[in-house]
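J.: Below are the sequence and a predicted model for it; my questions follow.
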Amino acid sequence: MDFSAILHGVSVWALPVLLAITLHEAAHAYAAWKLGDGTAKALGRVTLNPIKHVDPVGTVLLPGLLVVFGSPFLFGWAKPVPVVFSRLNNPRRDMALVALAGPVTNIFLAVVAALLLGLSDAFPPSFQSWLSQNAENAVIINLILAFFNMMPILPLDGGRVLTSLLPTPLAIKYAKTERFGMLIVLLLVVVLPRLGDELGMNLGVFPYLVIEPVRFVWPFFEFLANL
């Protein structure tokens, strides 16, 4: 096992993953606070300090293992931001705004990373390669995280947005699916593709819901990065 290669891989993935996941949650906390619910604010979650948002398993251990073992994609999570939706100024509308704050932040970070990638030549040569890899990885991670979270499955952000848009009777029924949400996500992302491989069928919906949207917007980010 080439430990120098592992250390390099971790060094160019750790910072983008950490920033993408923790700032996503910080954005939720800030939006909820500004829209009337101070629960996350009281718990110190309206902060750029990643320690407040890090989940030891979801933010550190799991992404690190995926990098070490050469996984084709990264997956992780931070500590969920507690939001009491009934305390929001306009619960149905503000639920969607709080949910959208995370993916919008990831899109913003992807734009910043692309612009930084385009400026990497201005830095010392010894620093350019490491910086450009970090910046390119940040674009990829933030775009994947944004589109992944917008899948219309509770408790993902897209599920929150959909719940806020549905008529009240349907929203109440849909909200009950949240208890099974992560199982549904694992089914779509992990189980169905593996089952499809065994059956010789393409059962992977993850590429259509996440990877294809990333590919669609990728030329815009290449333009920003002057590639």
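T.: Done, it's in. Worth saying up front: this structure is predicted, and the values here are computed from it rather than measured.

J.: Residue 45 - nearest residue in space that isn't next to it in sequence?
T.: Leaving aside its chain neighbours, residue 45 sits nearest to residue 29 (3.9 Å; criterion: CB to CB, 6 or more residues apart in numbering). (C-beta placed from N, C-alpha, C; glycine too.)

J.: So the one you found: helix, strand or coil?
T.: Here residue 29 is recorded as helix under DSSP: H, G, I helix; E, B strand; the rest coil.

J.: residue contacts, it?
T.: Going by CB atoms under 8 Å, 6 or more residues apart in numbering, residue 29 touches 40-41, 45-47, 81.

J.: Just the buried residues out of those, in ChimeraX syntax.
T.: This is the ChimeraX syntax for the buried subset of the contacts of residue 29, where burial follows 16 or more other CB atoms under 10 Å:
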select :40,45,46,47,81
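
J.: Any idea which helix or strand in the chain has the lowest mean pLDDT?
T.: Least confident helix or strand of the chain, by mean pLDDT, DSSP states H and E, is helix 62-68 with a mean of 68.

J.: Could you look up the next helix or strand downstream of that helix?
T.: Remark: after helix 62-68, the chain's next helix or strand is helix 91-118, criterion DSSP states H and E.

J.: Show me the helices in this protein, by range?
T.: Counting by DSSP state H, the segments of the chain that form helices are 3-34, 39-42, 62-68, 91-118, 125-149, 157-165, 168-175, 181-186, 192-199, 206, 212-224.

J.: closest one to residue 52 among these?
T.: Ranking the helices of the chain by proximity to residue 52 (CB to CB) places helix 3-34 first, at 7.9 Å.

J.: averaged over its residues, what pLDDT does that closest one have?
T.: In this model, helix 3-34 has a mean pLDDT of 85.

J.: what comes up buried for it?
T.: Buried residues in helix 3-34 (16+ other CB under 10 Å): 9, 12-14, 16-34.

J.: ok, the residue nearest the centre of the chain - contacts?
T.: Nearest to the mean C-alpha position of the chain, counting by CA atoms, centre = their mean, stands residue 145 at 2.6 Å. Residue 145 sits next to 20-21, 24, 103, 106 when contact means CB under 8 Å, 6+ apart.

J.: low pLDDT regions in this structure?
T.: 1-6, 63-64, 66-76 (pLDDT under 70).

J.: for the residue nearest to residue 185 when sequence neighbours are not counted, what are its contacts?
T.: Nearest residue to residue 185, sequence neighbours excluded (CB to CB, 6+ apart): residue 153, at 6.0 Å. Residues in contact with residue 153 (CB under 8 Å, 6+ apart) are 159, 177, 181, 184-185, 188.

J.: Repeat that for residue 116.
T.: Applying CB under 8 Å, 6+ apart, the residues near residue 116 are 131, 135.
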